[in-house]
Structures are given as structure tokens and as C-alpha cells.
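S.K.: can you look at this prediction? I've put the sequence above it.
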Amino acid sequence: MTRKLFAGLVAVLLAWPVLAQTPVEQLAKAPANADRWMITSVGGGKHGETSSWTTPDGTHWSRFSLNLRGFINEVDQQMKLTPDGNIASITVRGFTPSGDAAETYEAKNGTYTFNSPVDHGTGKAMPGLYYASFGGTLDSNIPLMLAMMKAGDKGIDLLPGGHAGLEKLMDLKVSNGKETKTVTCYAVTGFGLSPFPLWMEGKKFFGSVGGIDFLPPGWAEQGTKLAKAQDEALAKRAPELMARIAKKPAGAVAFHNIRIYDADARKFRDGMTVVVENGKFSAVGAANKVKVPAGAQVIEGNGRTLVPGLWDNHQHYGDDYTGPLALAQGVTSVRDPGNRPDDLMERKKRIDDGVLLGPRIVPSLLIDGKGPTSAQAGMIVTSLDEALAAVRRAKNEGYFGIKLYGTLPKEYVKPMADLAHKLGLRVHGHIPHGMRPIEAVRAGYDEITHINFVMMQAMPDDVVQNSNGLQRFFGPGKYAANVDLKSKDMQAYLNELEKRHVAVDPTLVTFESLYVTGRGELPPAEIPFVGTLPPQVERSFLAGSIQPPADLSRETMRKSYAKMQGLAAELMRHHITVLAGTDGLVIDLVRELELYEKAGMSREDALATATIIPAQAYHMGDKTGSIAVGKLAEWALIDGDPSKSLGDLREVETVMRDGKMMQASELRTAAGLSGMPKK
């Protein structure tokens, strides 16, 4: 189970002692009779394993080893339980991509004390109060699972904060050809922004499946069946949620004397009246000139702003609850640049059919080569014939484009791009290792994904050769600080991107979190949501960025990030199309726009990167992307003035998508948020 889902929040962070990081050779070795779970994915194959065993003195030991596209976790854990099954103590050792994994918890003499990589605390130990470890292994989740099964509808209270519950979804019989088991799927709530499904065999953890699967040896092939079953079980909730939240207006809706964002003109306009009828804008004009239809529902402006529905151009769609979270932020469209193909297209169809509450999805099929750093979602190809077949699959199954990835052999790019363009598909993605971005553009890229890959043009050869591993982060983190953006070579490169009409999906907010934010600090994108998110989600944000290697300081990474912002400014100066996206939680989108403003873009132009510009890029500019007569009425009513502060875009009051109006407060509740984000 993903450890991020089992984190909590402590209100006040103080200084705590830093323990020496335990090297991998000193971590515990699992005995031959240990219980084991293989960690696999559809695209990337095996990524590692986790194991658990109990020693004669009753200590529960476990070991977790994971290599996910170069991000390495090596952790062991020892845990002792009380006679009633609660956690008496936990000791975690090892390291994660964020740094030292050291963590301790102990309940003794009526008092508990914990010390994690991001927080620490002490208090009164009480029956029914369970510690949710910040890191460690999945073994520390088992006592919580058993306690929730016993507690039933009451759930359990967590340390450092929060409440968790469990709902039985279904029983399923599975077979690996040698043995047959009956396993039970439960939905766990209180640890994330959506219910988290996992599978138990009686009172024993069987596995979890999704983007990454944890299953016993010999059972990995059942991952697809388990994923389909749990998704179908959770999907049964969708129609009720849709009926409860999304309401089709009985007649016309008119916004009177309101401020609007005119995306076509890149201007805010005050004193406007907008009329919506039958899911489309039927009138837009000055308040004293537009006639409001008789019987219309009239919404007075009162200082509020009407904006076109926003686009998140880099949203790897998670599950059914991604939809309410996106809509609650005024995001009515997303471009999904890579996901498990069957899951993505099935979820898109349910949204298109009006069964599932969610934004429009513009999908790309992710295609990568085979290797230890292969993408865990998408299609893996091992020959040019397979690569071209993947392009044809994208066309046949209704994808808008293809996203190429870092382990793909660079010689595949041109023939794949040529075929994609012949079939009318967009080509974008990471830059394959050994290739510079200008080479990818000349081979047929329509768009470069991530600002670090735009910066890859100026990186040393050893970084470019290994850009499908951690060098895609650490190379730019180390060398970008000293790149001269005004140099002849860089300007020639940017001029060519402009001439070839290449777009960029920068995801600056991702690199702010990776390069700037330190461990124990909340990323700026999440600060407005503090107090509205589940405590374990907020605590997980404190993990911070990746730990830089010994020859790279955090200060250098921060300087490199500043230079990346400068590169974004150069993109704008060269009139290169920028598409705003998060590559994370959709709640980060407004921060992305704020970063564009910090880089020198006007608020009006920044907002265009999440409205009319993507609509035009995806050939939908005649249907959506702006508030204009005849276009689909996709909009968000903002309780504020984004012409003065883009942060006000977080203050969504009402949203419309597919002809249905939704209250953002109800959407936030459905997505696990407890209130409006702070300004």
C-alpha cells in the first residue's frame, strides 16, 4: 500500500533530532519463509518486493525494496504489538528518495511518543487510538486494517490526526492455476482524497492493485482481474453522486452585472451580462444591452467573476474521485498524457456517457521502450514494428495523441511521428535518452513535456545520455543554474521552437516542489488547502522533494529552478505556446498560473494557458475555451477577482459542465475536502 496514504498532520512542527541514515547492507534480510509481495506494474514489470516475518520474541519484522524509474526505497521495520493488537512500538530504518527513512513510535506507561522524518509529538495513549506511520512498510498498516474491520461503521481514530474507516465492497474468487483463493475487497477511507481499495484473505493482507501492484509471488497475473473488479465495485457509486450533485437548470441562467474573463481577447471585462441556455452561451454583452430571458435564474455579480472552464493539460487521471476534485477547482477539461490504457478509456467513456461525474478527458497513449526505467503506465514496445502498431492503436481507440517516453529508442521517434501525423495524432512527451530536445522537435515533436526537458538542450552529454533516469532531475538541478539563456545557442534553439510552432507543457509547479521545497515544509501549491484536506494527506506533503546527491546542494537546485522560471519567461518572450498543467493534484493548477505570472506573464495571458490556448491546441477552440455566444457553457463562478490576484481562482462557488450546474461546496465534500481553500 502506498505509504503516502498512511500519513497524518501535526499542527506545529519543531526541530527534531536527525538520525544517521542506515545503509542498505545493514538493513534486515528476509528469511526464506517470510511472506512476500511482488511490486509490479503493467508497463514497467517488476519494481521490487516487500516481505514480513515474525521472530520468536514476537517482533514483527518487514523489509521494503523498490526501484521506480530510478527512485529507490530501501527500508526495514520492526514492530511490536500490544495483547489487543494495537501498535506498541515501531522502528523504521533506511532511505527513500526524500532522504533518511528513520522513524520511531512507542506507547508506554500511558504515553505515546513519535519521531518521523517530518514531525514529532507526544501525548496520552488511549484505547482505540492508532498510530499511522509516516513511512515504513505496509506491515504497519495491518493492525489498522484489523482494527477497522473490528470497529465496523465507527472506524478508528489515528495519530497524529484523522479518522479512518472501512467498507466491504465484494468477495472474489481468484486462481493462479495452482491454487484458488477467495479474497475480499475493502475500500479504506480517511487516508486520501478518495477511497483506497485493498484486498484481504480473511485477516491477512492479500494485496493492492492500481498503478502499482503489490501481490504475492505467482499472483501478479491476477492484477488486471482484481483492478477491474474493484473499479466496477467503486463505479457503482457514480450514478448516485452524479444525480445528487449535477443538476440541469430548468431554464435559462443569467449572470447579471458580472466581471468575466474574455479569453479570446485576453481581457477581464466588468459590468457584463451572460446568458446560458440549453448548455450553451446564448448572450454575452454589456449589462445594459443584454436582455435577460423571462423566467431565467438570475445570479448577480456582486464582485464575483465568471471564467471559462479551466484545463489541466497534464493530469494523469487517478480514479472516479478525480472528477469531483477537478470540477471543484473549476477544471472542466484535462489532457491525460499517459495512463493504464484500459482504465483511462473506460473512465473517459463513462464521463462522455454522462454516468460519471468528471471533466472532459483528452487522452494520449503513452509509449515507452523496455528497460529498468520504463514508464509504469502505458505501452512498452521492443521493436519499431511494435512502436508503429502502438501508434495505430492510439488512432483506432480514439486517442488524441501519443506521448513518447524516455526509454524509447531515439531512432523510433521520426517514423512514429511521421505515422502519427499521417493519422492526425499529436506527438509530445519526454525526450528519449541520448536525444536533445531540438532533435526530437526536428524528428516530429509537436510539444515538449516538462521544463526540465526544454532545459535539456543545454545539458552536458552525460546528462542527456541518461535522461530517462534520475539525471532528468539532477542534471538540470545541477547545471541549469549556470545556463546563459541569452546565449547565441539558446536563442537559436528557442527561435527554432518558435518557428516550428512547438508547444511546451512546463509543469513548473512540479519542479518548485522537487527543487525548492525542503523536507518538513509544505509546498506553496498546497498551503492554501491546509485545514481542508484529510490530515494524512496534509502530512504526506511534508515529505518534501527528492534528496539531492552529495555533489548537489539544495541551494544550487533552487538557483536552477529560478533559471527554469527564466526559461519559461523566454518561452513567453518567443511567443511559444504554453499549456498549463500540474502532473500532480489538480488543486495545483492555480499555483502553476501564479508561477507564470512570477515569470513575467500577465494575469490575462497566464489564464489563457488554461482556457482558450489548450482548447485551440486540441482543435476545440470553436466549441469551448472562452465565454462566447454559441460555445458550450463550461464555466466557473469565482468568489473573487482574478484580475487582481490569480489566487482567487481557487475560490470556486459554482461550475457548469455538460449542461449541468454543480455547487463547488458539494464537489469538495465528495472529493474529501472540508471547505473553501484560503486566499
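M.R.: Sure, I can see it. Predicted model, so just to flag it, every value in this text is computed and none were measured.
S.K.: name the nearest residue to His428, sequence neighbours excluded.
M.R.: Distances taken as CB to CB, 6 or more residues apart in numbering place Glu447 nearest to His428, at 3.6 Å, with adjacent residues excluded. All C-beta spots, glycine's among them, are computed from the backbone N, C-alpha and C.
S.K.: tell me where the stretch 151-300 of the chain has strands.
M.R.: For the stretch 151-300 of the chain, applying DSSP state E, counting those that start in this stretch gives strands covering 156-159, 163-175, 180-189, 196-201, 204-207, 213-215, 253-262, 267-277, 280-286, 297-300.
S.K.: which outside residues touch the second one?
M.R.: Translated: strand 163-175. Strand 163-175 has contacts (CB atoms under 8 Å, 6 or more residues apart in numbering) with 132, 144-145, 148-149, 151, 153, 155-158, 180-191, 195, 197, 199, 219, 222, 225-226, 229-230, 233-234.
S.K.: where exactly do the helices run in the stretch 451-600 of the chain?
M.R.: 451-455, 461-465, 471-479, 488-499, 508-511, 535-541, 554-573, 589-598 (DSSP state H, counting those that start in this stretch).
S.K.: would you turn those helices into CSV with distance to Arg392, mean neighbour count and mean pLDDT?
M.R.: Output for the helices of the stretch 451-600 of the chain, formatted as CSV (distance: least, CB to CB, whole Å; neighbours: other CB atoms under 10 Å; pLDDT from 0 to 100):
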stretch, distance to Arg392, mean neighbour count, mean pLDDT
helix 451-455, 26, 25, 98
helix 461-465, 30, 15, 98
helix 471-479, 29, 24, 97
helix 488-499, 28, 14, 98
helix 508-511, 31, 25, 97
helix 535-541, 40, 23, 90
helix 554-573, 32, 20, 97
helix 589-598, 33, 24, 98
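S.K.: for the ones you listed, which one sits closest to Tyr317?
M.R.: Closest approach to Tyr317 among the helices of the stretch 451-600 of the chain (CB to CB): helix 589-598, 14.1 Å.
S.K.: so what does whichever helix or strand comes after that closest one touch, helix or strand wise?
M.R.: Moving toward the C-terminus from helix 589-598, the next helix or strand (DSSP states H and E) is helix 603-608. Where contact means 3 or more CB pairs under 8 Å, 6 or more residues apart in numbering; DSSP states H and E, helix 603-608 is packed against helix 589-598.
S.K.: list the contacts of the helix it packs on.
M.R.: 310, 312, 329, 331, 506-509, 512, 524-525, 565, 568, 572, 578, 580-582, 603, 605-607, 609-610, 646-647, 649-650.
S.K.: what's the burial count for Ala252?
M.R.: Neighbours of Ala252 under the rule other CB atoms under 10 Å: 18.
S.K.: could you redo the helices of the stretch 451-600 of the chain as JSON lines and give each row distance to Gly207?
M.R.: What follows is these, written out as JSON lines (distance: least, CB to CB, whole Å):
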{"stretch": "helix 451-455", "distance to Gly207": "34"}
{"stretch": "helix 461-465", "distance to Gly207": "37"}
{"stretch": "helix 471-479", "distance to Gly207": "30"}
{"stretch": "helix 488-499", "distance to Gly207": "45"}
{"stretch": "helix 508-511", "distance to Gly207": "30"}
{"stretch": "helix 535-541", "distance to Gly207": "21"}
{"stretch": "helix 554-573", "distance to Gly207": "37"}
{"stretch": "helix 589-598", "distance to Gly207": "33"}
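S.K.: how far out from the middle of the chain is stretch 480-494?
M.R.: 31 Å (CA atoms, centre = their mean, to the nearest Å).
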